[in-house]
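# The following block contains a protein sequence and its predicted model.
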Amino acid sequence: MSKKCALRSVGIVVLAAAGLLATNSGPAHADKAFREGFRLKYVKADSSDPKDVAFREAFLDAGCNLCHVGDERTNRNAYGQSLAKFLKRETDVKNKQKIQQALEKVAAMKSKPDDPNAPTFGEIIGQGKLPAEITK
């Protein structure tokens, strides 16, 4: 194989990889923005209170599973399904105010809509638990 042909092959692979990254950047960016909104609202970064530290660590460990189930990003847990009623990744990813408003609305919702005795997502978070923990 000539040097010119080898360089062309490498160039094609690089372009293909860049194309894959570009097509996948939208959803990850959206999830990152919504996750950041949650962090700003609920995670106390400077607190040394054991409950806050445990919540912060659980949040960091949860990653995408704060709102999603498994590897498929279209599969949402109950918290993610509730947020999806108020947020659209195509239009709301840069709207920090709307993200915060959606978090407020979802905090008031029952974690299990069919159970009148179920705690709200806000009550779960107030107990130092992630909202997905109770809905598994």
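In hand now; what should we look at? Keep in mind it's a predicted model, so treat the numbers as computed, not measured.

# how about the helices in this protein?
Counting by DSSP state H, the segments of the chain that form helices are 3-42, 50-62, 78-84, 89-92, 96-107, 121-126, 131-134.

# where among these is the average confidence lowest?
If you rank these by mean pLDDT, helix 3-42 sits at the bottom with a mean of 60.

# What's the separation between residue 41 and residue 114?
26 Å (Cβ to Cβ, to the nearest Å). Bear in mind the C-beta positions are built from the backbone N, C-alpha and C, glycine included.

# Which of those two has more residues huddled nearby?
Between residue 41 and residue 114, residue 41 has the larger neighbour count (other Cβ atoms under 10 Å), namely 13 against 6.

# List the contacts of the more buried one.
100, 103 (Cβ atoms under 8 Å, 6 or more residues apart in numbering).

# now do residue 111
78, 79, 118, 119, 120, 121, 124, 131, 134, 135.

# Which of those residues ranks first by neighbour count?
Top of those by neighbour count (other Cβ under 10 Å): residue 131, with 28 neighbours.

# Contacts only, for that residue.
66, 77, 78, 79, 106, 111, 121, 124, 125.

# Tell me the one among the contacts of residue 111 nearest to residue 59.
residue 131 (10.6 Å; Cβ to Cβ).

# now stretch 44-54, how far from the centre of its chain.
The chain centroid and the centroid of stretch 44-54 are separated by 20 Å, computed with Cα atoms, centre = their mean, to the nearest Å.

# Flag every buried residue along that stretch.
residue 52 (16 or more other Cβ atoms under 10 Å).

# Likewise for stretch 31-45?
31, 33, 34, 35, 37, 38, 42, 43.

# The last one touches residue 57, doesn't it?
Looking back up the chat, that one is residue 43. No - applying Cβ atoms under 8 Å as the test, residue 43 and residue 57 come out as separate, 9.9 Å apart.

# what residues do the two have in common as contacts?
Counting by Cβ under 8 Å, 6+ apart, nothing touches both residue 43 and residue 57.

# that older thread, need the buried residues of stretch 31-45 in JSON lines (columns: distance to residue 89).
Listed next are the buried residues of stretch 31-45 as JSON lines, based on distance: Cβ to Cβ, whole Å:
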{"residue": "31", "distance to residue 89": "8"}
{"residue": "33", "distance to residue 89": "8"}
{"residue": "34", "distance to residue 89": "8"}
{"residue": "35", "distance to residue 89": "12"}
{"residue": "37", "distance to residue 89": "12"}
{"residue": "38", "distance to residue 89": "15"}
{"residue": "42", "distance to residue 89": "20"}
{"residue": "43", "distance to residue 89": "21"}
